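Q: this one's sequence-less:
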């Protein structure tokens, strides 16, 4: 069944009505945000690794300090990974108007 040209144009415009291409600035900012989250994740993992190595090198002394540093590093890493995976509503949906 063929629809009149006017009806098909109206139907198509309704489908694509709410979808807009993000601007170049928005795309650039999203890319920068992803890189910063990746760097934050790596810094958190690095902090935890250095804390564990410091604990071993110190002859297993000052356990509280190194455990605290490990927990802080892993919290940073998990937070960055969670933020990367979940994202923000503006990344997953349309741009805010």
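A: Cool, the structure landed. Nothing here was measured: the structure is a model prediction, and the numbers come from that model.
Q: quick one: name whatever helix or strand follows the helix or strand bottoming out on mean pLDDT in the chain.
A: Lowest by mean pLDDT, DSSP states H and E among the helices and strands of the chain is helix 5-15, with a mean of 52. Remark: after helix 5-15, the chain's next helix or strand is helix 24-57, criterion DSSP states H and E.
Q: tell me what that following helix is packed against?
A: helix 63-86 (3 or more Cβ pairs under 8 Å, 6 or more residues apart in numbering; DSSP states H and E). All C-beta atoms are positioned from the backbone trio N, CA, C, and that covers glycine.
Q: okay, the residue nearest to the spatial centre of the chain and residue 37: tell me how far apart.
A: Geometric centre of the chain, nearest residue: residue 84, 2.1 Å, by Cα atoms, centre = their mean. Distance of residue 84 to residue 37, computed by Cβ to Cβ, to the nearest Å: 5 Å.
Q: same question for residue 46.
A: Taken as Cβ to Cβ, the span from residue 46 to residue 37 is 15 Å.
Q: of those two, who's got more company?
A: Taking neighbours as other Cβ atoms under 10 Å, residue 46 and residue 37 compare with residue 37 leading, 18 against 13.
Q: quick one: contacts for that one?
A: Residues in contact with residue 37 (Cβ atoms under 8 Å, 6 or more residues apart in numbering) are 80, 83-84.
Q: pLDDT and distance to residue 26 added to those residues, as TSV?
A: As requested, those are exported to TSV (pLDDT from 0 to 100; distance: Cβ to Cβ, whole Å):
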residue	pLDDT	distance to residue 26
80	95	21
83	94	18
84	91	18
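Q: of the residues you listed, closest to residue 54?
A: residue 80 (22.0 Å; Cβ to Cβ).
Q: doesn't residue 45 make contact with that closest one?
A: No - at 9.4 Å, residue 80 and residue 45 do not qualify as touching, with contact defined as Cβ atoms under 8 Å.
Q: make a markdown table out of the contacts of residue 37 and add distance to residue 73.
A: Formatted as a markdown table, the contacts of residue 37 follow (distance: Cβ to Cβ, whole Å):
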| residue | distance to residue 73 |
| --- | --- |
| 80 | 11 |
| 83 | 16 |
| 84 | 17 |
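Q: okay then, goodbye and thanks.
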